[in-house]
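> build me a model:
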Amino acid sequence: MHEEMKDKRTSLMAGRRRFLQGAAWMSGAVATGLGSWIIGPKWANSAAAAIKVGIATDLTGPIAYVGNATANVANMVAKDINGAGGILGRPIQLFIVDTASTESVAVANVRRLIQRDMVDVVLGGITSSMRNAIKDVIVTRGKTLYIYPEQYEGKECTPYLFCTGPTPAQQCDQIIPWLIKNGGKRFALPSANYVWPRVLNKYARELIEKNGGEVIFEEYYPLDQVEYSATVNNIMTNHVEVVFNTIIAPGVGPFFKRLHQAGFGKRRGRLACVYYDENALNLNAPNEIEGLASCLDYYRAVTAQDAGSARIQTEYDKQFPGKILFSGAATGMYRGLKLWEVAVKEAGNLDREYVAAALDHAEISEGPGGSAEMVPGRRHCRMNMYTAVVKNGDFEIVARSTGLVDPREC
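Model (predicted):
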């Protein structure tokens, strides 16, 4: 009890320090990318302390295409919140750091968010290994709220860590039965060798077998492997009907190209990759991934079905022309920031205990893919899910959930 009271006093003292440090902060009106979001002119003469939001994402490295979209979305949401009057009458200021697809770099940069910038919340991390590397720095040592926005393997039940991306149940329960009906029963599971593919595959295998399918082989490769001739040969000689892929960049592009050259998908066979979104389409020529099936919380095609998604996509296109608001951490980032905004307003302050309690049941009526809500006591998010297939270089939605899908976690 003494330690708990001490922790609460420390948290309150840190909050007061943040307020005093932020009270003199004033600014201009542009997005700076790496560093911070500078707040618009309506706040320039205000004494209101900025609420500090840390964004940790891969601005460089092999999955920087995900990280930069995530940073773009964070900037867009921050601008929207500040334009509507901020939160509790205070503007929010983003502090964006590069996790660089390198855990040692990420830990050092996130530590600066906590110790130097004294942010009130941290959102970010893309891979599960990155989340595991930075969560202790944020949650335990830093005693700060952490929102993880990426689709992932599940099983994350750390207090004060909230997940706003899809889980295996949300993806696999939708797509596996569809794949068996529209692809076949003989599955191969070629995979990158880290925690997300291993846990996802365990869930997928159970569902495949429950639905009458069979896993012909399940193999794991180094993250940087780019040569897959032996794997492709194994797929073709064993008459695999569905390739349920979790190989990631930089290997996924060469793997899909080689598989196409071998004839997979031309006469028979279905590619499936649950992290594939519009931006990932650029990794291969359209004919190399024709028919690929994916299952996510958002595709651009959703805008034809959901007015809120259309408004968000239009605003993103206006602010970041030529780029795509795509699924994964970018949509989870939007969802996470807006749910956090709702929670802070309910809490009436920035104390981690109060905000976490409000975030536990926060809901939003609009977001990429539609409405969303946290599952009370679970720290995971219900959301709509969409199954889509690549046709002529773009995604076409072929199925959607009948309502918000439960993450079935914690």
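
> alpha carbons only for contacts and neighbour counts from here, please
Noted.

> run a quick neighbour tally on the closest residue in space to residue 170 that isn't next to it in sequence.
Excluding the flanking residues, the one nearest residue 170 by Cα to Cα, 6 or more residues apart in numbering is residue 407, at 5.6 Å. Neighbour count of residue 407, defined by other Cα atoms under 10 Å: 24.

> enumerate every residue touching residue 407.
166-170, 380-382 (Cα atoms under 8 Å, 6 or more residues apart in numbering).

> can I take it that it is in a strand?
No - using DSSP: H, G, I helix; E, B strand; the rest coil, the assignment for residue 407 is coil, not a strand.

> I figured residue 308 hits residue 368, correct?
Yes - contact status for residue 308 versus residue 368: in contact at 7.2 Å, counting by Cα atoms under 8 Å.

> what distance do you get for the residue nearest to residue 170 to residue 247?
Distance, residue 407 to residue 247, by Cα to Cα, to the nearest Å: 23 Å.

> against residue 371, how distant is the closest residue to residue 406 other than its chain neighbours?
Leaving aside its sequence neighbours, residue 406 sits nearest to residue 382 (Cα to Cα, 6+ apart; 4.9 Å). Distance of residue 382 to residue 371, given as Cα to Cα: 9 Å.

> got any residues that touch both of the two?
residue 404.

> can you show me the strands along the stretch 51-200 of the chain?
Remark: strands assigned in the stretch 51-200 of the chain by DSSP state E, counting those that start in this stretch are 51-57, 92-98, 121-124, 145-148, 161-163, 186-192.

> include distance to residue 280 and mean pLDDT when you put these into JSON lines, please.
Formatted as JSON lines, the strands of the stretch 51-200 of the chain follow (distance: least, Cα to Cα, whole Å; pLDDT from 0 to 100):
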{"stretch": "strand 51-57", "distance to residue 280": "17", "mean pLDDT": "97"}
{"stretch": "strand 92-98", "distance to residue 280": "21", "mean pLDDT": "97"}
{"stretch": "strand 121-124", "distance to residue 280": "19", "mean pLDDT": "98"}
{"stretch": "strand 145-148", "distance to residue 280": "21", "mean pLDDT": "98"}
{"stretch": "strand 161-163", "distance to residue 280": "22", "mean pLDDT": "98"}
{"stretch": "strand 186-192", "distance to residue 280": "16", "mean pLDDT": "97"}
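
> so can I have TSV of those showing mean neighbour count?
What follows is the strands of the stretch 51-200 of the chain, written out as TSV (neighbours: other Cα atoms under 10 Å):
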stretch	mean neighbour count
strand 51-57	26
strand 92-98	24
strand 121-124	27
strand 145-148	27
strand 161-163	24
strand 186-192	24
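
> save those strands as JSON lines, and put in distance to residue 393 too.
As requested, those are arranged in JSON lines below (distance: least, Cα to Cα, whole Å):
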{"stretch": "strand 51-57", "distance to residue 393": "27"}
{"stretch": "strand 92-98", "distance to residue 393": "31"}
{"stretch": "strand 121-124", "distance to residue 393": "29"}
{"stretch": "strand 145-148", "distance to residue 393": "30"}
{"stretch": "strand 161-163", "distance to residue 393": "31"}
{"stretch": "strand 186-192", "distance to residue 393": "23"}
